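In: Sequence and predicted model, in that order:
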Amino acid sequence: MTDRVLIIGGGPAGLEAANQLNLLGYKPVIVEKDDTLGGHLAKWDRLFPEGESAETVLYKLIKPVEHTPVYLNTIVEQADKEGNHFRVKLSGGKEEIVSAILVCAGFSLFPAEKKEEYGYGIYNGVITSSDLEKWFKTGKGVNINNPSKVGFVHCVGSRDEKICNRQCSKVCCVTAVKQACEIKEKFPDSEVFCFYMDLRMFGRKYEDLYLKAQNKYRVRFIRGRVSEVSEDFTGKVVIKAEDTLSSKPLKVSLDLLVLMTGMISNSSIEELSGILSLNRAEDGFIEPADTITKMYDSGKEGIFLAGAVTGPKTIPETLSEARASALAIHNYLSNKAIQ
Amino acid sequence: MNRFGYRLSPSSQIDLDVSDNSLFRQILAGEPGISTCISCGSCVASCSAGVFDKISFRKALHLLEAGMDTEAVALLEGCMMCGKCTLVCPRGINTRHAIVLIKRKLNKG
Amino acid sequence: MRERIVFAFDPFVIPFTLGMVFIILYLSVGGFKIIAKLSAEEKMKLLKHTFSFAIFKTLWDIIADCLLHIKIFKRNIRLGYMHASIAFGWFMLIFIGHIEVMLYTPQRMGVLYYPVFFRYFVMKTHETLRGDFFFFLMDLFLLIVLSGVGIAIYKRFRSAIVGMKRTTKLRTGDKIALYSLWLIFPLRLFAESFTAGISGGSFLTISINRVFNTFATNESLIQPVWWAYSLTLGAFLFALPFSRYMHIPTEIFLIWMRNSGIRATSSRDGYAESEIYSCSSCGICIDACPMAVKSENSKLTSVYYLRLMRRRLPESMNHADKCLMCGRCVEMCPVEIDSCKLKVLKREEEISEKRLRMAYLSEVHTNVNKSDVLYYAGCMTHLTPVIYNSLFKILQKSGILFSFMDKDGSICCGRPLMLSGDTYSAKELIEKNRQTIINSGAKTLLLSCPICYKVFKEEYDLPGIEVVHHTEYINRLLNEGKIALNKSGKSFVFHDPCDLGRGSGIFEQPREILMKAGELRFASEERGKSHCCGGSLGSLSLDKEERNGITKAALATLFENNPDELVTACPLCYKSFKNINGKPTADIAQIVAEQMV
């Protein structure tokens, strides 16, 4: 009998892991709580650092697993270990008996309305990075009409003790620079500002993107965190920040303000970690058994981890981890077979 | 002795070998949060009095840490104690408490 | 009834008499010092009050508060009975004791110990109805006191019986006084019982006398027990100044001064001193204090602050800085000690002439668009644009023209400075804002922040200008029919912000609004007893973790009846709750703006 592996989450990590497990000769089954596969990637337009199409990337991930069984709009309700197997109850009365479970539950975007001083949901000119990405992709959702001044606020919901999210979300800096360039491509006459605390351009070619934003698109990088947003009588968004490098308080009226919402632990993780008895860290993400050598190991026998469920990650990092987890599952199941 | 046409000016360089930041350390003992400042400028941006006067908690803190107490304190003059800076600080520093402590040290010093 | 001891003296009276002389001297000197500390103006106030009709009100207050403990009765009947039975019962024992001396041995009037040890010195000559009546009263009041002492002893071990979760920790002086107090009345009972065969007695003392007679002779026990009784009384009196029972004499003083209109002007002036010594260490403020949700923070509550002040320890400064100034302990204090005021005064003393100045104020213009209604957002509301945005929608819908006083930046209302102890600088801000408001020609000053509201109401001289909080104003617009609400199926709970509810007495208006907007549910602690949100500007040094703990405790009281949404009326409360509350949090203006017809 071929071992079945339950994959919780049909985003990049889940899809890639399913592909690898198929290749290794197992039968993966994907459980996805939404009605489509792809997770956040499916909602994205282009990816940093080189502007690859998110759709193409997603196609490359979905194509190999098109025959893999998928439960859409489904969540895990109960999981019991019975000998070498897990008996997993799914919503809708379905049941799966599997030899291993891979948790790829991913992350949630920080709800920007929680940072109420930024006025998301109150002012029309204030949108989030995912709203903008959706607009790039579909032209829908928000109304962006030849803005003359656009601002990007980094670290919205990241590195902020006040809203109880201390962690850096890692990808927003690069995303902001990417989106700033895209705005300039679409509206070459606009003036674009990035308000940052620190620019974390940690990956290969990210610095190139930053350089391009500076010398090709003339994006203005202002080192200071936006603290307050209001609206003037013409409907423009007025923001206050400090230009910390020149030590002056600063105010600017913008047509569009984009909030770079950070990655927080998945909204469903509280329930799921209860069902699977997984350890959660203070920041809400799942704590792996070893954060250096065994990121894929949940510390619970037969349960593995991959992707942003253990913290903010880029897509390449997520995919590497998915492959590592698939291999770890293979090792686990082969050892069992020998015993 | 040879005299060169220039010399290192003590006023424009922070010399960590000799700087005395005892005031900073005293404030730190009362409000440990001040060591976690990341200089984001939120406090200055939101400052009610900052619209009217040169007030900068952020800069004052760094000057204080470098032992430049007089310059630091000048940047807090006119603070209205409204507490907005405390509310916006992403590090959760009790900026208002730090300002109170600085004010009190001034009285005694 | 006649005297049976020659010279009316026995050595056992010495401990009591020494104690009594000591305490009379101590109180006279202390009282004199307190009065000496008062300013000339305050002394005049005290004098005028003493010779006015209002003194009768003061006398009644003293009886009601110090003897009958009516306020504690209102809080908890058993706790009230415990206090009243000991205080009033003891007072009656002393009072009737004096009457007995007056009636039977008038020649001994003025002998300090005589009324206390009356039963030792007299013998019964013949039965009279009058004599038996006094004996009966004496036994009755002794029984009442004993029942109170019984509850007190029980309370030490199980404070929940009297409705208190926690009680105070005792110091040495307190312990000596407390244990003496516990012993005084049982010893008195036995002393009087053993002599009851000679002096006479009533249902209690005579019965005990008979019981003892069945197996021992009372006579041999008389001397030791009267000695013990006198010794415990002496111990109590000597320990009194070093114990919490100092509140008994001091409170009388405090009521007298308070009713004369005297208030504390420094953390240690005459009035403050009597407040500090009037604290009975009852510990009601421990349960009242939001900081004490963490039990190790019980040490930060007002009772311990007042103790540190008594002992003049420098740690009192840390306590003064931590206090949230929510006023919950003041609201519940049976002695009405304004601890918050004392702590602010303490902070004031740390600010000197070298304070940071508001030099820029003279440059700031005071012009603002003229209109009848002037809206002032204040510093905090600038961080919660949803509040003023909603309010503006409501004003527009009502057809009210208004101008926005601090659209381009606020001169702070001054209250945060006052809370930090810098009243002088606060006055400068207040004067600046006052000019702007008067220049605007407005008839109404509209505020959305209770912190501002309280200071505008209390400290600003704004003749002909009505100061209103948006809860009052919106309620008025609803009552006048300028706006109407669609009632939704949602259930709300209202959080009373400290400065709006306890601080300014606004409880009904927000509730009336919410009852029109949906279903209003009760919180387990609300109105005057509302829990602080944890965000208060009153505290200078409380850190984020501690504040979050307070916020969580407040949320627990608010969600007792499981409402859908938490509604408040203060930008600071809103901000404190919003990030911790799992359910929706809104300002009252938001609810109204959303549900307006």
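Out: Looks like it came in fine.
In: For chain B, what's its nearest residue on chain A.
Out: Of all residues in chain A, the one sitting closest to chain B is residue A:242 (3.0 Å; C-beta to the nearest C-beta). The C-beta positions use only the backbone N, C-alpha and C, and glycine is treated the same way.
In: Quick check: which element contains that residue?
Out: Residue A:242 is part of strand A:237-243, with elements assigned from DSSP states H and E.
In: elements contacting the very next helix or strand once past that strand?
Out: The helix or strand immediately downstream of strand A:237-243 is strand A:248-254, counting by DSSP H and E. In this structure, strand A:248-254 packs against strand A:149-156, strand A:237-243, helix B:42-46, with contacts taken as 3 or more C-beta pairs under 8 Å, 6 or more residues apart in numbering or on different chains; DSSP states H and E.
In: do that again at 6 Å, thanks
Out: strand A:237-243 (3 or more C-beta pairs under 6 Å, 6 or more residues apart in numbering or on different chains; DSSP states H and E).
In: Mind listing the strands the least confident helix or strand in chain C by mean pLDDT pairs with, and their directions?
Out: None of the helices or strands of chain C scores lower by mean pLDDT, DSSP states H and E than strand C:2-3, at a mean of 80. In the sheet, strand C:2-3 lines up against strand C:122-123 (antiparallel) (DSSP bridges).
In: What pLDDT does the model give residue C:284?
Out: On the pLDDT scale, residue C:284 is placed at 86.
In: And the contacts of stretch C:224-232?
Out: C:12-13, C:15-16, C:120, C:180, C:183-184, C:187-188, C:190-191, C:194 (C-beta atoms under 6 Å, 6 or more residues apart in numbering or on different chains).
In: need the contact list for residue A:42.
Out: Contact analysis of residue A:42 by C-beta under 6 Å, 6+ apart lists A:36, A:58.
In: That one belongs to a helix, doesn't it?
Out: Yes. Per DSSP: H, G, I helix; E, B strand; the rest coil, residue A:42 lies within a helix segment.
In: Quick check: the gap between it and residue C:222.
Out: According to C-beta to C-beta, to the nearest Å, residue A:42 stands 98 Å off from residue C:222.
In: quick one, what contacts residue C:390?
Out: Counting by C-beta under 6 Å, 6+ apart, residue C:390 has contacts C:589, C:590, C:593.
In: Take those residues and lay them out in a markdown table including distance to residue A:319.
Out: Listed next are the contacts of residue C:390 as a markdown table, based on distance: C-beta to C-beta, whole Å:
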| residue | distance to residue A:319 |
| --- | --- |
| C:589 | 48 |
| C:590 | 43 |
| C:593 | 47 |
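In: Please report phi then psi for the residue of the stretch 451-597 of chain C found nearest chain A.
Out: Minimum separation of the stretch 451-597 of chain C from chain A (C-beta to the nearest C-beta) falls at residue C:579, amounting to 5.1 Å. Dihedral pair for residue C:579: phi -80, psi -10, per degrees, to the nearest 10.
In: got the contact list for it?
Out: residue A:163.
In: where does chain B have its least confident helix or strand?
Out: helix B:95-108 (a mean of 86).
In: out of everything not next to it in sequence, what's closest to the residue of the stretch 101-250 of chain A found nearest chain C?
Out: The minimum distance from the stretch 101-250 of chain A to chain C, using C-beta to the nearest C-beta, falls at residue A:117 (4.6 Å). Residue nearest to residue A:117 in three dimensions, not counting chain neighbours: residue C:383, with 4.6 Å by C-beta to C-beta, 6 or more residues apart in numbering or on different chains.
In: where does chain C have low pLDDT?
Out: C:160-163, C:165, C:217-218, C:353-356 (pLDDT under 70).
In: does the least confident helix or strand of chain B come close to chain A?
Out: No. Helix B:95-108 lies out of reach of chain A by C-beta under 6 Å from any C-beta of the partner chain, never closer than 12.2 Å.
In: which other residues reach that helix?
Out: Contacts of helix B:95-108 (C-beta under 6 Å, 6+ apart): B:27, B:30-31, B:34, B:43, B:57, B:76, B:79, B:83, B:85-86, B:89, C:350, C:352, C:354, C:420, C:540-541.
In: so how far is it off the chain centroid?
Out: Here helix B:95-108 is found 11 Å from its chain centre; the criterion is C-alpha atoms, centre = their mean, to the nearest Å.
In: cool, stretch C:503-515 as well?
Out: Counting by C-alpha atoms, centre = their mean, stretch C:503-515 comes out at 24 Å from the chain centroid.
In: now the helices for chain B?
Out: Here chain B has its helices, by DSSP state H, at B:22-30, B:42-46, B:57-65, B:69-74, B:84-88, B:95-108.
In: Return the most buried member of those helices.
Out: Comparing the helices of chain B by mean neighbour count (mean count of other C-beta atoms under 10 Å in any protein chain shown), helix B:42-46 ranks first with a mean of 29.
In: Just the CA atoms from that one would do, formatted as PDB, please.
Out: Taking C-alpha atoms only, helix B:42-46 is exported to PDB below (Å, rounded to 0.1, in the frame of the first residue of the first chain):
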ATOM      1  CA  SER B  42       7.500  58.400  15.000                       C
ATOM      2  CA  CYS B  43       7.800  60.400  18.200                       C
ATOM      3  CA  VAL B  44       8.900  63.500  16.300                       C
ATOM      4  CA  ALA B  45       6.400  63.000  13.600                       C
ATOM      5  CA  SER B  46       3.500  62.800  15.900                       C
END
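In: sorry, back to before: apart from its neighbours in sequence, what residue is nearest the residue of chain A closest to chain B?
Out: residue B:41 (3.0 Å).
In: could you list every residue that touches the one you found?
Out: Contacts of residue B:41 (C-beta under 6 Å, 6+ apart): A:224, A:225, A:242, A:244, B:58.
In: Identify the bridge partners of the third one.
Out: In this case it means residue A:242. Going by DSSP bridges, residue A:242 forms beta bridges with residue A:249.
In: What is the burial count for the residue lying closest to residue C:37 once chain neighbours are set aside?
Out: Distance criterion C-beta to C-beta, 6+ apart; nearest residue to residue C:37, sequence neighbours excluded, is residue C:270 at 3.7 Å. A total of 24 residues lie near residue C:270 under the criterion other C-beta atoms under 10 Å in any protein chain shown.
In: just residue A:332 next, same as before
Out: If we define neighbours as other C-beta under 10 Å, then residue A:332 has 18 of them.
In: So it belongs to a strand, correct?
Out: No. According to three-state DSSP, residue A:332 belongs to no strand; its state is helix.
In: Not counting its neighbours along the chain, what's nearest it?
Out: According to C-beta to C-beta, 6+ apart, the nearest residue to residue A:332 is residue A:100 (6.4 Å).
In: same check, this time on residue B:67
Out: residue B:19 (3.6 Å).
In: so how far is chain A from the one you found?
Out: 20 Å (C-beta to the nearest C-beta, to the nearest Å).
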